[in-house]
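Novice: Need a 3D model of the sequence below.
(chains A and B)
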Amino acid sequence: MLPHEALKNALEKSEESALVAFLTAGYPEPKNFLNVLYDVSEAADAVEIGVPFSDPMADGVTIQRSSQAAIEHGVSLSWILDQLGSRTIKSNTPLLLMSYLNPLLAFGFDDLASRALQVGVSGFIIPDLPYEESMLLKTSLDKVGIALIQLVTPATPSIRLNEICQASQGFVYAVTRTGITGSATQFPADLADYLAAVKEAAKVPVCAGFGVRKSEQVRMISRHADGVIVGSALVEALERGENPGEFLRNLRP
Amino acid sequence: MIRPNEEINEKKLLRALVDGKLPDASGRFGPFGGRYVPETLMPAIERLTEGVHRLLPDESFNHKLTSQLKEWVGRPTALTHAARLSKAWGADVWFKREDLAHTGAHKINNAIGQALLAKELGATRIVAETGAGQHGVASAAACARVGLPCVVYMGELDIQRQSPNVDRMKRLGANVVSVNSGDRTLRAAIDEAIRDWVSDPVDTYYLLGSAVGPHPYPFLVRELQAVIGREARSQLETHGGLPDAVFACVGGGSNAIGLFHGFLGEENISLIGVEAGGRGDDLGDHSATLGSGRPGVLHGAYSLLLYDDHGQIQETHSVSAGLDYPGVGPEHALLKLVGRVKYVTAKDSEALDALQECCELEGILPALETAHAIAGARHWASTNQGARILIGLSGRGDKDMPILSQYPIKTNDTEGAENAAA
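Specialist: Residues are numbered from 1 along each chain as shown, chains lettered A, B, ... in the order given. Predicted coordinates for the structure are as follows:
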């Protein structure tokens, strides 16, 4: 089974709504990365590993802070790939890399695709790579069957939404509101209609997130989507030194 | 993007550029440019692109813009013969005086154009970023002129080194927000302005100050700054003819692209962009993106960039806040690729010397950014005696007084020697 199919299946098989967790790689402590990743993997249905970038223009203060600290501790894309390659105990939960484009460009798309396959990465999410610009990277990822997950937002017009949903592999990332990661806690009033439209257009599961912090929100979104994405809130829990597995299990409805 | 093993037809690309066919429909200047922005912004960018293509050629919009440029900005700006500098350098030196434009730099050409555009497109608020503060001041003034509220993001370090401009922006009614994330300079200010725009892409208009960013900004800013090159060309034609060489400083590259566009088709005219060589050649000590950058993506465009082996954008250094930026407009990246423009550097110390010489010989205090162009021209003139040189005098240096106070005025040695002899 190709990695993008395995990702799709993992999100579909979850009986309840799936939980997709985001963490910044190597934050707060690079030496704990694989342990934290394992704990998070055991509590989530898929894990997004954030590759820190110097200019995270779609991110709020939490992920800006965690990215900056990770870079200062020497975390980079090649370090992350090496860490993943060195794992002795692996969870079956699919792993995704979430990265801005420039670190991927610096690595080289073809080399990245083969290395990512080798170390067990199932997909990529790239916040500054809109659908129109994604063909070159997609060509490299298609050679190894790794998913390029596309994003849609409440501002995406319907024709465009259909096109993007058709092209997305693994799942569709439905951003729940305009804005940056982690900030507001209110969702738009027409969230249900929006997510229904995304589900209608998508061939793969729809996971929704941006600003999800509380279990009531997880419950509310899971009524309309196949999965819920939790990012900044988990990063903050890690900052506070909480057990990430427990934090995620408490969020589940 | 540059694909592996891709053949680049330099002549064809230059022809297309001169013929006005670039950027293409996808917003590319050859391999450079494009739109690398979060999906949230794509509909806003589409609307802006549509608006730009509809309004820039529109007669009534042009009438509004031209009358603002004439009555409020003070265009056309003067062409000044720099007689004493000419004598000192052994060349025939001319200045295109953007320092005489309202608010003291070329930035106003773009700011008023985009403010009018924002108004036409129904925006209810404007956000802008600023480095040296010139674009911030121009945006604040333009927003006051058209009646729109304005928020200016400015790096904490830049706020310290360009304090006169901060007070001007506030006086002009702008809300100046200090950015203390990232590198705390222009780059972080752009990140923060984009974050603001992502949060409200429908009602907010992002008034980007340089020829950088996602399409259509590099095109829009070039079109609004091209007035510099058009005027300079026609002024020179009535003052003895076209130049042998044209110099402009390059940070993001908006004044340079505007000036160069007037002369792009004349292949016998050398076009030379001067970047900030800072205090040395090591990564982090300069801002010479075209000189030593690699292709990459920052702030929405694929262009040349300064980044490390892991793709992290590098901090830059320049004595001038307006050139202190690790990226550059995609059209400059193409002009370098096809060899039409030569990009050189001037160090902090060379810029400071050139600034002082311009003050003493011409009675003009140029901005520190502009001083880089003068330093580059001075160096070139030393091996091109008698050449006719046009320098884009992009802005005035009043804003730089806090920095200049750290560099005491060097005593004039010649005069000292003369006095001693007398």
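Novice: Residue B:153: helix or strand, and which one exactly?
Specialist: strand B:150-155 (DSSP states H and E).
Novice: Wondering if that strand reaches chain A at all.
Specialist: No: Strand B:150-155 does not reach chain A (C-beta under 8 Å from any C-beta of the partner chain); its nearest approach is 12.0 Å. All C-beta spots, glycine's among them, are computed from the backbone N, C-alpha and C.
Novice: for that strand, the distance to its chain's centre please.
Specialist: 18 Å (C-alpha atoms, centre = their mean, to the nearest Å).
Novice: Need the distance between the two termini of stretch B:83-99.
Specialist: Counting by C-alpha to C-alpha, to the nearest Å, you get 18 Å between the two ends of stretch B:83-99.
Novice: got it, and stretch A:114-131?
Specialist: End residues of stretch A:114-131 are separated by 22 Å (C-alpha to C-alpha).
Novice: tell me the mean pLDDT for it?
Specialist: Mean per-residue pLDDT for stretch A:114-131: 98.
Novice: do stretch A:208-222 as well
Specialist: Mean predicted lDDT for stretch A:208-222 stands at 92.
Novice: and what of stretch A:188-198?
Specialist: Stretch A:188-198 shows a mean pLDDT of 92.
Novice: Off-centre distance for it?
Specialist: 20 Å.
Novice: try stretch B:49-59
Specialist: Distance, stretch centre to chain centre, for stretch B:49-59: 23 Å (C-alpha atoms, centre = their mean).
Novice: Briefly note if it comes near chain A.
Specialist: No: remark: stretch B:49-59 sits outside contact range of chain A, by C-beta under 8 Å from any C-beta, the gap being at least 12.0 Å.
Novice: what does that stretch rub up against?
Specialist: With C-beta atoms under 8 Å, 6 or more residues apart in numbering or on different chains as the test, stretch B:49-59 has contacts from B:27, B:61, B:62, B:117, B:120, B:121, B:215, B:216, B:219, B:220, B:223.
Novice: Now which of those would you call buried?
Specialist: Buried members of the contacts of stretch B:49-59, counted by 16 or more other C-beta atoms under 10 Å in any protein chain shown: B:27, B:61, B:117, B:120, B:121, B:215, B:216, B:219, B:220, B:223.
Novice: Could you find the closest non-adjacent residue to the fifth one?
Specialist: Setting aside the residues directly before and after it, residue B:121 is nearest to residue B:51 in space (C-beta to C-beta, 6 or more residues apart in numbering or on different chains), at 4.8 Å.
Novice: Sheet partners, orientation included, of the strand holding residue B:153?
Specialist: strand B:125-130 (parallel), strand B:175-179 (parallel) (DSSP bridges).
Novice: Need the contact partners of it.
Specialist: The list of residues contacting strand B:150-155 from outside it, by C-beta under 8 Å, 6+ apart, reads B:125-131, B:133, B:136, B:139-140, B:143-144, B:166, B:169, B:173-179, B:183-190, B:192-193, B:196, B:207.
Novice: quick one: is the helix or strand following it near chain A?
Specialist: For strand B:150-155, the following helix or strand on the C-terminal side (DSSP H and E) is helix B:156-161. No: if you take C-beta under 8 Å from any C-beta as the test, helix B:156-161 misses chain A, and the best it gets is 14.6 Å.
Novice: Spell out the secondary structure type for residue B:85.
Specialist: helix (DSSP: H, G, I helix; E, B strand; the rest coil).
Novice: ditto for residue B:135
Specialist: Under three-state DSSP, residue B:135 comes out as helix.
Novice: re the thing from before, quick check on the contacts of strand B:150-155: which are buried?
Specialist: By neighbour count, with 16+ other C-beta under 10 Å, the contacts of strand B:150-155 hold B:125-131, B:133, B:136, B:139-140, B:143-144, B:166, B:169, B:174, B:176-179, B:183-190, B:192-193, B:196, B:207 as buried.
Novice: re earlier: need the strands paired with strand B:150-155 in a markdown table with mean pLDDT, can you?
Specialist: Formatted as a markdown table, those follow (pLDDT from 0 to 100):
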| stretch | mean pLDDT |
| --- | --- |
| strand B:125-130 | 97 |
| strand B:175-179 | 98 |
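Novice: and the stretch 51-200 of chain B, which residues reach chain A?
Specialist: B:181, B:182, B:187, B:188, B:190, B:191, B:194, B:195, B:198, B:199, B:200.
Novice: tell me the centre residue of chain A?
Specialist: For chain A, residue A:48 is the residue whose C-alpha lies nearest the centre (C-alpha atoms, centre = their mean; 3.7 Å).
Novice: Verify the stated contact: that residue with residue A:232.
Specialist: No: at 11.9 Å, residue A:48 does not count as touching residue A:232 under the criterion of C-beta atoms under 8 Å.
Novice: overlap in contacts of the two?
Specialist: Common neighbours of residue A:48 and residue A:232 (C-beta under 8 Å, 6+ apart) are residue A:22.
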